[in-house]
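>>> structure of the sequence below:
(chains A and B)
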Protein chains: 2
Amino acid sequence: MAYDRDVVREALGKARAEGRDSLTAPEGRLICEAYGIPVPGEGLATTADDAVRLADDLGGPVAMKIVSRDILHKTEAGGVKIGVEGADAVKAAFDEIIANAKAYDADADIDGVQVQQMLSGGHEVIIGATTDPTFGKVVVFGLGGVLVEVTKDVTFRLAPMDLDTARSMLDSIAAAEVLKGARGAELADAGALADVIVRVSDLVSDFPEIREIDLNPVFARPDGASAADVRILLETEETVAPVQHSPEEILAVMNRLMHPRAVAVIGASNETGKIGNSVMRNLVDGGYAGEIYPINPKADEVLGRKAYAKIGDVPGDVDVAVFAVPAKFVVGAVREVGAKGVPVAVLIPSGFAETGNVELQEELVTAARESGVRLLGPNIYGYYSTHDNLCATFCTPFDVKGGVALTSQSGGIGMAILGFARSTNTGVSAIVGLGNKSDIDEDDLLTFFATDDNTTCVAMHLEDLKDGRAFVAAAQRTTKEKPVVVLKAGRTASGARAASSHTGALAGDDKVYDDILRQAGVVRAYGLNDMLEYARGLPVLPTPKGENVVIITGAGGSGVLLSDACEANGLQLMTIPQDLDEAFRAFIPPFGAAGNPVDITGGEPPSTYEATIRLGLQDPRIHALILGYWHTIVTPPMVFAELVAKVAAEARAAGIDKPIVASLAGDTEVEQASQYLYEHGVVAYPYTTEKPVAVLGAKYRWARAAGLI
Amino acid sequence: MAYDRDVVREALGKARAEGRDSLTAPEGRLICEAYGIPVPGEGLATTADDAVRLADDLGGPVAMKIVSRDILHKTEAGGVKIGVEGADAVKAAFDEIIANAKAYDADADIDGVQVQQMLSGGHEVIIGATTDPTFGKVVVFGLGGVLVEVTKDVTFRLAPMDLDTARSMLDSIAAAEVLKGARGAELADAGALADVIVRVSDLVSDFPEIREIDLNPVFARPDGASAADVRILLETEETVAPVQHSPEEILAVMNRLMHPRAVAVIGASNETGKIGNSVMRNLVDGGYAGEIYPINPKADEVLGRKAYAKIGDVPGDVDVAVFAVPAKFVVGAVREVGAKGVPVAVLIPSGFAETGNVELQEELVTAARESGVRLLGPNIYGYYSTHDNLCATFCTPFDVKGGVALTSQSGGIGMAILGFARSTNTGVSAIVGLGNKSDIDEDDLLTFFATDDNTTCVAMHLEDLKDGRAFVAAAQRTTKEKPVVVLKAGRTASGARAASSHTGALAGDDKVYDDILRQAGVVRAYGLNDMLEYARGLPVLPTPKGENVVIITGAGGSGVLLSDACEANGLQLMTIPQDLDEAFRAFIPPFGAAGNPVDITGGEPPSTYEATIRLGLQDPRIHALILGYWHTIVTPPMVFAELVAKVAAEARAAGIDKPIVASLAGDTEVEQASQYLYEHGVVAYPYTTEKPVAVLGAKYRWARAAGLI
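Predicted coordinates:
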């Protein structure tokens, strides 16, 4: 689009030169016009006759407002008249406004009266942009008016954006149907609204010094949209751009971190109970095949490995230095590590920013940057790279190799990840602690995991993002190939910066995170167990090829609850075509219900489960199966589990791989049966109708965002 | 309130006599006036001069509408003018409306033109009532307009209701703040709105033949409310009142069912694999101390107990007859059971309505009614009354006695209840299958459980209610004393009856269930596992005495997630007073965070957990504790569990009993520690921050509804 950037530059420059942090209404209008954002016709009248002429040109009723830099509260000053129509009325209004203004402030410097076309009809919407501390420029869209301010029915996207993304905003509010003319409402011109959204997103991207912009209201008619009022606030603080690394630089370091050929342990120890001993033991016991160099000035060897007094003494190259020394020794050791050419330091020690010692952490970061060392941590449990048998932590080894990479900002959550993974036998490619995130953060890890063949799913616990844009960029690259699950903690925290516009006020931290993580294709988990279960289940399930979900159940009661769960998780129960319905009916008792759920009824033998599940897998119109099992003497839990595993394996051998999840209702044997099913590629749980469907729903959310459905 | 019921009776009688199923606008207005519902001023004009006079009397702009029973679509006929003001305009409008009407239908019988005061300003709301198939007369309230129809922001209550309940409706919509004048909106007269709600609820209660009533819109101003339009639809079908039993009658039967002194098994068998054998074995093996009478015409004894050919041969009184014979023998046997004076039959057999054999079930119900026998089932697994060691099912015995009574409509869900309870060692008072609910249903069971000293919590899975009002009455009696958890399946089912009013269309089944279950004080679970966890946890937790919840955590990361969960579950994190904050700080490292969560930091010894938790229990301003544990070498899981159990026991011994829940993050030992804590009165889970807070939230929801906080 052709924008007149010079006009904007000049207006912003003028305001800055005058030390203002906001623009006047006429300046805002000028900027809108420069960016092709439709605004109502208007003009400045300096005499009553001027006003009459202007009103006549504009046609219809007009709004009239005093223009004076000395009068900020126009309404209070009696300086606003709306709905003025007809020459006499316009003339009288002009005189009254001027008289009121003079009475309000005899010394006011009055430019005249703004005469503005009154917009009406259509829907009032708000379009704006604000500067989010995490994500930078974000655009907001919502219906206007009091009701929406109360219910906060708005949606956010990163600026800039294309027209498709802008259109997606219109569909992302709860009241979306209103703009589509639902229930006799007037249709809004979606194209015109999307166009305004794109222009606003371009404006704030081109001019980052615009801190906030509100177009409120924008009148959306069937044949266009115009911004009736505009408010622009300017940035007053200098912003510091985050440190950037290119993907190539990141990958070079991350590959050495995750697949090291040699690891040094700074502070390796023979003394049981010391962290430097636990780390050494875990490296050795975990079966890591690379070189392990203990660094300890007082020992000749540690756990049978030759020790070195300092890292500089190590003969060969070192890829990773794991730190297990007190905080006060870390900065010095990082410089030594850098001098040795070690690209990355894993900093287990605590005692930095998390204990209030911000200065020491800053010193650390400076030392690392000067020494060319990248930092993981400090204040972490370490990290696991399971396919390399690498357990560089003070926790216990973990050796179930698999597809999910997990990261956590908090050590406690890291311990929960480890316990859960061990308890459920979850296949893991990596577990990484991020702690204080003094340097390496989620987007570095994502950049690596995106390229890592061992990793088929990434799950991250985080409390904040140092650089939201870098994360979104890394996530967008990753989510095209593999699911990224994010547990963003701190959903209730409100923005630190007091808001001075509607858009700012609407941008509660979590809603911004929610919308923008979705824009990045991320599957969000809203609690710890959700994240863990998604992480466990998503790599197990193949990607669905379409939206048709079918429930096959032996328990009618489970069928109803599983249907409820489908609705709650945005899954579409397939409308079963007649021929398929008849095919199902051929296998089930006459009083069983085909349709969807397919209710095979409770007393059926294994062969009924088998025949119906096989049909569900073989028919190409069905894309995913949800199974409801009811424990009976006729079909005991393990018999069910084995038959499902067998039918699924047959189908896979024939090239059919559909996601299957199962809810098992029964006595305690269903626990073993669920575990067996999970190990055979079926995401199965006992005593819950919610969880299997939630995991399938998460897989679908990812597949849709990745454009695979 | 003084209502003119005669006016209503006459209007309804007239409409019925004319075979109409709806009232005209003037009739609707008449009824509103009879019930003191404010309506705008209006009158019927038969001449243009009439119209001018009327408009003048009403003042301000008027709406004018053709009145003719032959013209249904007034707007289409050009028969509506709004915003007419001034004598000339009113006269012109009258003439035009009449002319249009005649042009539209030359034969139309025209009564004249209705001239109505035009209401404006204030908020448009909808107040209505409909006849719900489950709950009968229910009242709806919501904001009016298109936006609300799309977002369905409405709330329901049973009619009739008192003024407090009516006022609670105003607070129960998402947009509630709008009516309170939020963000510069006009204040609505809450008293006037509540008054209209009560009047509508009285009207439909007094006249059940009113099927639906819509007051839409009602204009809510700061100083009153008036219904601008009213639509009344009449009942056309005869409704059958459900069979009613008095609480005394119900209790007499239920006490014999749940605490029987003698049980007969119809179809008792020595043959392994037969249901009649399983039931006998479970009764005997379960340790039931009462008389057991096997009924079997072909055996002398069953499992060592003397058998009888028919129930009539049994020498003593029998309290319960458990049926384990094929469906076709059930009706006859029920009559024999009735002749013997057995008050209740437990019908395990299937083959009735659930297999399409509705006729046989009707025959069964008739036989039972004629024989004075009440029926549990058919098509159930049986029932457990654990404190009587009674296991009258074909499943396996269950012997963990405790406070929760569980019921399920579906057999599959019943099996999940059994497996879950066994796996988690949940203390149970009863498990009851309801199956086809041909007779005994949830309100019978609730009536019993309310009075049962062994039961401290009731959890029910249901797909429908036969008599919603009886259930609400029983629930309201019960929930004052003990929590009732309901898993209502089929949330997505839509009403069977096509709706012909706004109110009807807004009354999607689940929203009605949701609001009215809440009105009854029920804690709703939205999935199977939620129900099971609430059932397990609620009896363990003492009732909180206030809203002040405090999180004490060793893992800052868990603290944030637990705070998120509090927000999601409607729990209030206490604002810690300064003296208490200082008291906490005395125990934790200087870089730990007091405030709430109290973050004791990760490396702390057991004594820090102990001191802070003890303080949390002892300070009377704190009402509930949420603990976050982080597995470390310094404080291993079982050490944490034992210290928490000890501190809690000390407090209980000192008369302090507050709910405590815990989230344990760590390696697999946290599973054992969680189980230990649960057994010592602390609701604890590994690997989840969601569940412990959800259970505490459920306890709070109940306590608030019961008026205990």
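>>> contacting residues around the residue nearest to residue A:574 when sequence neighbours are not counted?
Closest residue in space to residue A:574, ignoring its immediate chain neighbours: residue A:548 at 3.7 Å, by CB to CB, 6 or more residues apart in numbering or on different chains. The way it works is simple: take the backbone N, C-alpha and C, and place the C-beta from them, glycine included. Contacts here follow CB atoms under 8 Å, 6 or more residues apart in numbering or on different chains; on that basis residue A:548 touches A:572, A:574, A:621-624.
>>> which of the residues you listed has the most neighbours?
Of all these, residue A:624 has the most neighbours under the rule other CB atoms under 10 Å in any protein chain shown, reaching 26 neighbours.
>>> and the nearest residue to residue A:582 once chain neighbours are set aside, how far from residue B:707?
Spatial nearest neighbour of residue A:582, chain neighbours left out: residue A:594 (7.8 Å); criterion: CB to CB, 6+ apart. Separation of residue A:594 from residue B:707 (CB to CB, to the nearest Å): 48 Å.
>>> the more surrounded of these two?
Just comparing residue A:594 and residue B:707: by other CB under 10 Å the higher neighbour count belongs to residue A:594, 20 against 9.
>>> so that one sits against residue A:585, correct?
Yes: using CB atoms under 8 Å, residue A:594 is in contact with residue A:585, at 4.7 Å.
>>> how about the residue nearest to residue A:582, phi and psi?
Torsion angles at residue A:594 (phi, psi; degrees, to the nearest 10) stand at phi -80, psi -150.
>>> contacting residues for it?
Counting by CB under 8 Å, 6+ apart, residue A:594 has contacts A:576, A:581-582, A:584-585, A:588.
>>> from those residues, which single one is nearest chain B?
residue A:588 (11.9 Å; CB to the nearest CB).
>>> with adjacent residues omitted, what lies nearest to that closest one?
Computed as CB to CB, 6+ apart, the closest residue to residue A:588 that is not its neighbour in sequence is residue A:600, at 4.6 Å.
>>> quick one: buried ones out of the contacts of residue A:594?
Among the contacts of residue A:594, those classed as buried by 16 or more other CB atoms under 10 Å in any protein chain shown are A:576, A:584-585, A:588.
>>> which residue ranges of the stretch 551-700 of chain A form strands?
Here the stretch 551-700 of chain A has its strands, by DSSP state E, counting those that start in this stretch, at A:598-599, A:624-630, A:660-665, A:683-686.
>>> one more: the stretch 201-350 of chain A?
Counting by DSSP E, counting those that start in this stretch, one finds strands in the stretch 201-350 of chain A at the ranges A:210-221, A:224-227, A:230-234, A:262-266, A:291-295, A:301-302, A:305-306, A:320-323, A:344-347.
>>> and the stretch 351-500 of chain A, by the same measure?
Taking DSSP E, counting those that start in this stretch to define them, one finds strands in the stretch 351-500 of chain A at A:374-376, A:382-385, A:390-393, A:401-408, A:428-433, A:457-462, A:484-488.
>>> make CSV from those and add mean pLDDT, mean neighbour count and distance to chain B to it.
CSV is the format used below for those (pLDDT from 0 to 100; neighbours: other CB atoms under 10 Å in any protein chain shown; distance: least, CB to the nearest CB, whole Å):
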stretch, mean pLDDT, mean neighbour count, distance to chain B
strand A:374-376, 98, 25, 17
strand A:382-385, 97, 27, 13
strand A:390-393, 96, 27, 11
strand A:401-408, 96, 24, 7
strand A:428-433, 97, 26, 11
strand A:457-462, 97, 27, 7
strand A:484-488, 97, 26, 8
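>>> brilliant, that's me finished.
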